[in-house]
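Participant: sequence-free structure coming up:
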């Protein structure tokens, strides 16, 4: 069945203007000027001049839950497709974090396929915070080569007391292994690096990308807005050509401890001269958000929220006057590019028909489509 979404103000994510979008077979068939006449073979949705944007791509979601710092009572729960779709998430990548003992990569694979069948296209990272990496097949290369939904390795912890001690050779070797196996599988390949509060900050990652033949695009450091000193280091890393990711899930305690809000982080990076293509947001949804005292003891926990992803975009627009088309790139085309998902993150002919319709006044989510199918409301 052919379907036309009529009279929408299109952000692709760049501003296009008033358009009709024709979809069929799960993809975008045509983008046309409005007021066209359509035959009876079309069903239609009148967008009533609401905003239509690409479905949101979230590159770090703890789809099987996470955490456990401070005890079993602090474990976080699995996420549901309904929660993700309600937040406009149409594509995601799942990861393990601190706990790769009571949770497994096998859990990730099963959960990613569950979410995909329920309308959210979901991939996963093999590995976790720790070394040696946990895998399904016994090695990184086989996971990435043989498992279609394995897109890289992560969330490998750097500069964090909860992770392994990672050496130059460790990170260099992992990068080479991911890059080679991804090439064989026809994938982009990515090493998602969790950055903690340690004094090393980005030093190890900088050493690897500056002294080896591995490209900066292979590594995707996240939580760069964790504290002011790491954020400042992240600005310089990005100015030197690296890619950086900000975490949208936060709370009053973390902000009081010095975390930089995503909206402010985006504004500051752009003011410093960093290209928008190098910046992305991820929610870190369903991760635990622990706070530690000076001795590393847990003094409080919270859980990451999936709806924080788009809220950070709204905050960037409303509080810092960031143009909507720039802020949107942080949750659409930019993360899709980092993950090598060529059919996601943009509204263009022949790409997947994943859309979010927004109220133009308050940016509230009105409708969500994945693969051309209306999922919300």
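Facilitator: That came through fine. Not measured: the values here are computed from a predicted model. Numbers count the residues shown, from 1 in each chain.
Participant: pretty sure residue 371 is in contact with residue 351, am I right?
Facilitator: No - counting by CB atoms under 8 Å, residue 371 does not reach residue 351; the two are 11.1 Å apart. Just so you know, the C-beta spots here come from the backbone N, C-alpha and C atoms, and that holds for glycine as well.
Participant: what's the overlap in contacts for these two?
Facilitator: When contacts are counted by CB atoms under 8 Å, 6 or more residues apart in numbering, the set common to residue 371 and residue 351 consists of residue 27.
Participant: Could you pull out the helices in the stretch 201-350 of the chain for me?
Facilitator: Along the stretch 201-350 of the chain, counting by DSSP state H, counting those that start in this stretch, helices occupy 203-211, 228-239, 252-256, 262-272, 308-320, 324-329, 333-339.
Participant: actually the stretch 51-200 of the chain, not the one I typed
Facilitator: The residue ranges that make up the helices of the stretch 51-200 of the chain, judged by DSSP H, counting those that start in this stretch, are 81-86, 105-117, 140-146, 168-185.
Participant: Tabulate those in a markdown table, adding columns for mean neighbour count and distance to residue 343.
Facilitator: Putting the helices of the stretch 51-200 of the chain into a markdown table (neighbours: other CB atoms under 10 Å; distance: least, CB to CB, whole Å) gives the following:
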| stretch | mean neighbour count | distance to residue 343 |
| --- | --- | --- |
| helix 81-86 | 20 | 18 |
| helix 105-117 | 19 | 14 |
| helix 140-146 | 20 | 19 |
| helix 168-185 | 18 | 16 |
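Participant: possible to save these as a markdown table with mean pLDDT?
Facilitator: Output for the helices of the stretch 51-200 of the chain, formatted as a markdown table (pLDDT from 0 to 100):
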| stretch | mean pLDDT |
| --- | --- |
| helix 81-86 | 99 |
| helix 105-117 | 98 |
| helix 140-146 | 98 |
| helix 168-185 | 99 |
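Participant: Mind checking the ones you listed for the one nearest to residue 62?
Facilitator: helix 105-117 (9.4 Å; CB to CB).
Participant: Show me what the closest one is packed against.
Facilitator: Packed against helix 105-117 by the contact rule (3 or more CB pairs under 8 Å, 6 or more residues apart in numbering; DSSP states H and E) you find helix 81-86, strand 89-94, strand 121-126.
Participant: Kindly calculate the angle that the second one makes with strand 121-126.
Facilitator: Strand 89-94 runs at 10 degrees relative to strand 121-126, counting by axes from the mean of the first three to the mean of the last three CA atoms, to 10 degrees.
Participant: quick one: contacts of strand 89-94?
Facilitator: Strand 89-94 is touched from outside by 55-64, 84, 108, 111-112, 115, 119-125, 151, 192, 283, 306, 309, 336, 339, 341, 344-345, 354-356, 368-370, with contacts defined as CB under 8 Å, 6+ apart.
Participant: now it, how far from the chain's geometric center?
Facilitator: Shown here is strand 89-94, whose average C-alpha point lies 7 Å from the average C-alpha point of the whole chain (CA atoms, centre = their mean, to the nearest Å).
Participant: ditto for the last one
Facilitator: Mean C-alpha position of strand 121-126 versus that of the full chain (CA atoms, centre = their mean) differs by 11 Å.
Participant: Pull out the buried positions in that strand.
Facilitator: For strand 121-126, the neighbour count (16 or more other CB atoms under 10 Å) marks 121, 122, 123, 124, 125, 126 as buried.
Participant: Distance of the spatially closest residue to residue 258 that is not a sequence neighbour relative to residue 287?
Facilitator: Nearest in space to residue 258, with sequence neighbours left out and distances taken as CB to CB, 6 or more residues apart in numbering, is residue 227 at 4.7 Å. Distance, residue 227 to residue 287, by CB to CB, to the nearest Å: 17 Å.
Participant: More neighbours: which of the two?
Facilitator: Shown here are residue 227 and residue 287; by other CB atoms under 10 Å, residue 287 has more neighbours (25 against 19).
Participant: surely the more buried one meets residue 66?
Facilitator: Yes - at 4.3 Å, residue 287 counts as touching residue 66 under the criterion of CB under 8 Å.
Participant: bridging residues for residue 121?
Facilitator: Residues found in beta-bridge contact with residue 121 (criterion: DSSP bridges) are residue 91.
Participant: repeat for residue 190
Facilitator: As for beta bridges, residue 190 partners with residue 152 under DSSP bridges.
Participant: contacting residues for it?
Facilitator: Residue 190 makes contact with 125, 151, 152, 153, 154, 178, 218, 219, 220, 338, 339, 340, according to CB under 8 Å, 6+ apart.
Participant: mind checking pLDDT for the second one?
Facilitator: The pLDDT attached to residue 151 in the predicted structure is 98.
Participant: going forward, begin numbering at 25 instead of 1
Facilitator: All set: I'll call the first residue 25, so the last point we hit is now residue 175.
Participant: how close does it get to residue 330?
Facilitator: 19 Å.
Participant: Check the last one too.
Facilitator: Residue 364 sits 22 Å away from residue 330 when distances are taken as CB to CB.
Participant: and if you look at the third one?
Facilitator: In this view, residue 176 and residue 330 are 21 Å apart by CB to CB.
Participant: Looking at the two, which is more packed in?
Facilitator: Applying other CB under 10 Å to residue 176 and residue 330 shows that residue 176 carries more neighbours, namely 32 against 25.
Participant: What residues does that one make contact with?
Facilitator: Remark: with contacts taken as CB under 8 Å, 6+ apart, residue 176 is in contact with 149, 150, 168, 202, 206, 211, 212, 213, 214, 215, 216, 363.
Participant: which non-adjacent residue is nearest the third one?
Facilitator: Yep, that's residue 168 we're talking about. The spatially closest residue to residue 168, leaving aside those adjacent along the chain, is residue 205, at 4.1 Å (CB to CB, 6+ apart).
Participant: The nearest residue to residue 335 once chain neighbours are set aside: neighbour count?
Facilitator: Here the nearest residue to residue 335 in space, its sequence neighbours aside, is residue 272; by CB to CB, 6+ apart that works out to 7.0 Å. Using other CB under 10 Å, residue 272 is surrounded by 30 other residues.
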